[in-house]
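Asks: When you get a sec, could you give me coordinates for this:
(chains A and B)
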Amino acid sequence: MIINLSLMDFNPIWLTLKLAGITTVLLLAVGLPVAWWLSKGRSIFKIILEAIITMPLVLPPSVLGFYLLLAFSPQHGVGKWLQQVFNIQFVFSFQGLVLASVIYSMPFMIGPIKSALQQLPVSLSQASYSMGKSKWQTFLYVLLPNIKPSLLTAIVLTFAHTLGEFGVVLMIGGNIPNVTRVASIAVYDSVEQMDYHSANVYSLILFAITFIMVVGVFVFNKYQLKSPLE
Amino acid sequence: MKRILLIITGCLLFVDVVFAQNLKIAVAANLQPVIKALQKDFKQKTGMDVEPIVGSSGNLSAQIRNGAPYDIFLSADMSFPETLFKEGFSQKKPVIYAQGSLIICSNQNIGFENWERLLLTNRIKKIAIANPKIAPYGKAAEETLKDKGILDDVQSKVVYGESISQVNTYITSGVVEVGFTTQALVKDPANKTPLFWQVIDPKTYAPIAQGMIILKHANGNADAGKFYQYILSPAAKAIFKEYGYRVQ
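Replies: Presented below is the predicted three-dimensional model:
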């Protein structure tokens, strides 16, 4: 197959990278404190919250899409309030996709960080506290540097998983060029239009990006595991 | 282990035998409401079950091209079935079974007397149409907007459904203020949402001639021929008419 790139519209790729980037940064900000909090102790409330965070991993994306579509309809409830008070519409908008992706990819950020924090020996933070460091200082300078591989895994998986988001976007996106027409939708759309050439180019790009990222994580983690002690 | 495998294979074969008898009909999304009525009537007349697979015409013809086991394809236009015919997926030329009619529709009573003007006001934030590249009703909607000279002005409000069914969801759930869809939506007894609508002047868009084609998969299947004849019969035409289609 001859691949002709001059006629291609690469906006869906840029849009996808933008969506994945913003989602990852937001999730990192939200996910770190939540994962830290979840890693300490157990309570019914924590278990339920963790279950809810993990749900998007097993629920079909269409379930999430369906509820988001209803929740953000500008005619009633939350959607109406958002529209009237802030003039924000979450369906058919880029913000909406960011919000959906944050929910959708949350387990990929929180899961690895939480388990890594749980596996750190308690003596690490106790030593830090006894030397007079605060909770946050301990978290930032003692705990986080010790879970670097998991942190990287979480970031990369979140990014990659958002690249692969399809079902939710199909339901609440509206396929608007440069706004909600992300690469996965563009692939679907091109196939429907029998434009297999475009579908192929988009798919190859997605394939390459995810492959490089996942291989990168494996390589880095292997290096990390060996280097400090050997 | 071998025995278990054997049992599983047996079950699968059995399932295949049970379901293989049903005709598989690829149905354009705009027919979603009417196909249920046709199915029921056909069952009453012949005792035969058919299995509709609903999707956008573009998607369905891509599936057919890639070997989907459908017997008959009821498209939303003529070009998809004609292309399939030219590419050898059928031995019989497509025929027109109905002409669709486009409406503008909302779940709010916003008054459609002067809808071209209304679409330009900020009361309308989003307008749903089906993807014009794959859904003939979307193409017709775009033609109407172009004919009224407002396509460029409303472009930023347009959202695209992947088929007319998704446009219907957007309208009935109220995530868009208005949408362009098929008249069959408002005639659908399954729809519980009160809708407000107006028929679009058919002069403003190219006629939506909907074509049917009998596919190679139906070769040697007399039942497929029966359903094909039924769709062109007066009984089926009466049902199409009831749902807002024009028939000859």
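
Asks: Excluding chain neighbours, what is closest to the residue of chain B found nearest chain A?
Replies: Going by CB to the nearest CB, chain A is nearest to B:V159 of chain B, at 3.2 Å. C-beta coordinates here come from the backbone N, C-alpha and C atoms, glycine included. Leaving out its chain neighbours, the residue that sits closest to B:V159 by CB to CB, 6 or more residues apart in numbering or on different chains is A:G174, at 3.2 Å.

Asks: so how many other residues sit close to the one you found?
Replies: Neighbour count for A:G174, taken as other CB atoms under 10 Å in any protein chain shown: 27.

Asks: and the residue of chain B closest to chain A, that's in a helix?
Replies: No - judged by DSSP: H, G, I helix; E, B strand; the rest coil, B:V159 forms no part of a helix; its state is strand.

Asks: Spell out which residues of chain B are next to chain A.
Replies: Proximity of chain B to chain A is confined to B:56, B:58-59, B:61-62, B:65, B:107-108, B:125-126, B:128, B:131, B:133-134, B:158-162, B:169-170, B:173-176 under the rule CB under 8 Å from any CB of the partner chain.

Asks: related to what we said a few turns ago, let me know the pLDDT of the residue of chain B closest to chain A.
Replies: Reading off the confidence values, B:V159 has pLDDT 95.

Asks: beta partners of it?
Replies: Taking DSSP bridges as the rule, B:V159 bridges to B:A128.

Asks: Quick one: neighbours of it, just the number.
Replies: So B:V159, with other CB under 10 Å, has 25 neighbours.

Asks: helix/strand/coil for residue 112?
Replies: You didn't say which chain, so I picked chain A. Classification of A:P112 by three-state DSSP places it in helix.

Asks: please go with chain B instead
Replies: coil.

Asks: Now do the phi/psi pair for B:I103.
Replies: The phi/psi pair for B:I103 (degrees, to the nearest 10) reads phi -130, psi 160.

Asks: Am I right that it is in contact with B:K187?
Replies: No - judged on CB atoms under 8 Å, B:I103 makes no contact with B:K187 at a distance of 10.3 Å.

Asks: Just give me the residues shared between the contact sets of those two.
Replies: B:G244 (CB atoms under 8 Å, 6 or more residues apart in numbering or on different chains).

Asks: So for the two, which residue has more residues nearby?
Replies: Counted by other CB under 10 Å, B:I103 and B:K187 do not tie: B:I103 has more neighbours, with 21 against 15.

Asks: In contact with the residue of chain A found nearest chain B, which residues?
Replies: At 3.2 Å from chain B, A:G174 is the closest residue in chain A, using CB to the nearest CB. The neighbours of A:G174, taking CB under 8 Å, 6+ apart as the test, are A:91-92, A:180, B:126, B:128, B:159-161, B:170.

Asks: Just the strands from chain B, written as ranges.
Replies: In chain B, the strands defined using DSSP state E lie at B:23-28, B:50-55, B:72-74, B:95-100, B:102-106, B:127-130, B:158-161, B:178-182, B:196-199, B:208-214.

Asks: can you list the weak-confidence ranges in chain A?
Replies: Counting by pLDDT under 70, chain A shows low-confidence ranges at A:1-7, A:224-230.

Asks: try 80
Replies: For chain A, the stretches with pLDDT under 80 are A:1-8, A:75-77, A:83, A:87, A:192-194, A:223-230.

Asks: what are the phi and psi angles of the residue of chain A closest to chain B?
Replies: With angles defined as degrees, to the nearest 10, A:G174 sits at phi 80, psi 10.

Asks: so how far is B:V175 from it?
Replies: 9 Å (CB to CB, to the nearest Å).

Asks: what residues are shared contacts of those two?
Replies: Common neighbours of A:G174 and B:V175, counting by CB under 8 Å, 6+ apart, are A:91-92, B:126.

Asks: could you pull out the helices for chain A?
Replies: Ranges of helices within chain A are A:11-39, A:44-58, A:61-71, A:77-86, A:94-119, A:122-130, A:135-137, A:144-146, A:148-163, A:167-172, A:183-192, A:196-226, based on DSSP state H.

Asks: want to try JSON lines for these, with distance to chain B and mean neighbour count as columns?
Replies: Listed next are the helices of chain A as JSON lines, based on distance: least, CB to the nearest CB, whole Å; neighbours: other CB atoms under 10 Å in any protein chain shown:
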{"stretch": "helix A:11-39", "distance to chain B": "14", "mean neighbour count": "19"}
{"stretch": "helix A:44-58", "distance to chain B": "21", "mean neighbour count": "13"}
{"stretch": "helix A:61-71", "distance to chain B": "6", "mean neighbour count": "18"}
{"stretch": "helix A:77-86", "distance to chain B": "8", "mean neighbour count": "13"}
{"stretch": "helix A:94-119", "distance to chain B": "10", "mean neighbour count": "22"}
{"stretch": "helix A:122-130", "distance to chain B": "48", "mean neighbour count": "12"}
{"stretch": "helix A:135-137", "distance to chain B": "42", "mean neighbour count": "11"}
{"stretch": "helix A:144-146", "distance to chain B": "41", "mean neighbour count": "14"}
{"stretch": "helix A:148-163", "distance to chain B": "20", "mean neighbour count": "21"}
{"stretch": "helix A:167-172", "distance to chain B": "7", "mean neighbour count": "23"}
{"stretch": "helix A:183-192", "distance to chain B": "5", "mean neighbour count": "22"}
{"stretch": "helix A:196-226", "distance to chain B": "9", "mean neighbour count": "14"}
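
Asks: Export these to CSV and append columns for distance to B:L38.
Replies: Shown next, in CSV, are those (distance: least, CB to CB, whole Å):
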stretch, distance to B:L38
helix A:11-39, 38
helix A:44-58, 38
helix A:61-71, 27
helix A:77-86, 36
helix A:94-119, 37
helix A:122-130, 69
helix A:135-137, 67
helix A:144-146, 63
helix A:148-163, 42
helix A:167-172, 28
helix A:183-192, 25
helix A:196-226, 33
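
Asks: So for B:Q248, which of those sits nearest?
Replies: With distances scored as CB to CB, the stretch of the helices of chain A nearest to B:Q248 is helix A:183-192 (29.9 Å).

Asks: Quick one: list the elements packing against that closest one.
Replies: helix A:11-39, helix A:167-172, helix A:196-226, helix B:57-65 (3 or more CB pairs under 8 Å, 6 or more residues apart in numbering or on different chains; DSSP states H and E).

Asks: Bridged to the nearest residue to B:V199 once chain neighbours are set aside, which residues?
Replies: Closest residue to B:V199 apart from its sequence neighbours, by CB to CB, 6+ apart: B:I103 at 5.3 Å. Beta-bridge partners for B:I103, by DSSP bridges, are B:T181, B:V199.

Asks: Kindly tell me how buried the closest residue to A:Q95 other than its chain neighbours is, as a neighbour count.
Replies: Leaving aside its chain neighbours, A:Q95 sits nearest to A:I88 (6.4 Å; criterion: CB to CB, 6+ apart). By the criterion of other CB under 10 Å, A:I88 has 16 neighbours.

Asks: No further questions, thank you.
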